[in-house]
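Visitor: Predicted coordinates and the sequence they were generated for:
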Amino acid sequence: MPLRVDILTLFPEMFGPVLGGSILRRAADKGLADYHLTNIRDYATDAHKSVDDKPFGGGPGMVMMAPVVCDAVADVEPKDARPATRILLTPQGRLFDQQLAQELSHHPRLLLIAGHYEGFDERIIEGLRPLELSIGDYVLTGGELPAMVVVDAVVRLLPGALGAEEGAADETFADGLLEHPQYTRPRDFRGSAVPDVLLSGNHAAIAKWRLEQRKERTRQRRPDLWKTIVERNDAKI
Ligand code: ADE
């Protein structure tokens, strides 16, 4: 069964180029994932098709209305018998990372809710109990880009989504380390040569060099990641 991905958004047209291109498209073509877009505005009930309103208590911006979002979810969920993992994109959420992407890639169905405006009426969160996810400590204009980030990170992990050359097994974050430097032709570029070891044909030496580079990079650039690895006392390190 393909991973079913439902996306509820006010801007379904934003997703076309992302879901319809490259690896995400290929995953759908291979039957690994299927994407279903729902326009939240279709569930608005008043003449103006309102989906948001001013916050009670005052303040700037607009708030997504509970009935519209909850009705949309109630209508979409029964379209497939498999239970959906509900995900709401918000800067208030848990930070999305590779480990969570791995975990979500084993779920049968994801339902992502992308909001716009200042935020969601709290009763949406109380009613749906979604997994609230943030893609980073910055504020975007809406949850659409974060939803695309989550879908991209998850779908590329589905077995068969990446070709052999693009394998996800030993890349950055799979084991917590950053990636080693990479080189391709030409061997010499503006006086900077490819490290000899990579041209040596000595696979053991290359693997050793790469692991050293990965450790050094992680130590220098991401002391936070390095600390967790050391604490975990990973046998490989
Ligand atoms: N909506 C707006 N900013 C966001 C962020 N950083 N992560 C998830 N959803 C968001």
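Guide: Sure thing, it's come through. Numbers count the residues shown, from 1 in each chain.
Visitor: Can you measure across stretch 91-110, start residue to end residue?
Guide: Start-to-end span of stretch 91-110 (CA to CA, to the nearest Å) is 19 Å.
Visitor: mind listing what's buried in it?
Guide: Neighbour-count burial for stretch 91-110 flags Pro91, Gly93, Phe96, Gln98, Leu100, Ala101, Leu104, Ser105, Arg109, Leu110 (criterion: 16 or more other CB atoms under 10 Å). The C-beta positions use only the backbone N, C-alpha and C, and glycine is treated the same way.
Visitor: export those residues to TSV and tack on secondary structure?
Guide: As requested, the buried residues of stretch 91-110 are exported to TSV (DSSP: H, G, I helix; E, B strand; the rest coil):
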residue	secondary structure
Pro91	strand
Gly93	strand
Phe96	coil
Gln98	helix
Leu100	helix
Ala101	helix
Leu104	helix
Ser105	coil
Arg109	strand
Leu110	strand
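Visitor: From Val63, how far out is the residue positioned nearest the centre of the chain?
Guide: The chain has Val150 as the residue nearest its centroid, 1.9 Å off, counting by CA atoms, centre = their mean. From Val150 over to Val63 the distance is 23 Å, taken as CB to CB, to the nearest Å.
Visitor: How about the contacts made by the nearest residue to Leu88 once chain neighbours are set aside?
Guide: With sequence-adjacent residues excluded and distances taken as CB to CB, 6 or more residues apart in numbering, Leu88 is closest to Pro130, at 4.0 Å. The neighbourhood of Pro130, defined by CB atoms under 8 Å, 6 or more residues apart in numbering, consists of Arg86, Ile87, Leu88, Ile113.
Visitor: The second one: what secondary structure?
Guide: Per three-state DSSP, the secondary structure class of Ile87 is strand.
Visitor: avg pLDDT for the longest helix along the chain?
Guide: Using DSSP state H to define each element, the chain has its longest helix at helix 203-221. Mean pLDDT, computed over helix 203-221, is 98.
Visitor: For that helix, list the C-alpha coordinates in CSV.
Guide: What follows is helix 203-221, C-alpha atoms only, in CSV (Å, rounded to 0.1, in the frame of the first residue of the first chain):
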residue,chain,number,x,y,z
HIS,A,203,38.7,1.6,-0.3
ALA,A,204,39.6,1.0,3.3
ALA,A,205,41.7,4.2,3.3
ILE,A,206,39.0,6.2,1.7
ALA,A,207,36.4,5.0,4.2
LYS,A,208,38.7,5.9,7.1
TRP,A,209,39.4,9.3,5.6
ARG,A,210,35.7,10.0,5.1
LEU,A,211,34.8,9.0,8.6
GLU,A,212,37.5,11.2,10.0
GLN,A,213,36.2,14.1,7.9
ARG,A,214,32.7,13.5,9.1
LYS,A,215,33.7,13.5,12.8
GLU,A,216,35.8,16.6,12.4
ARG,A,217,33.1,18.5,10.6
THR,A,218,30.5,17.5,13.1
ARG,A,219,32.8,18.5,16.0
GLN,A,220,33.5,21.9,14.5
ARG,A,221,30.2,22.8,12.9
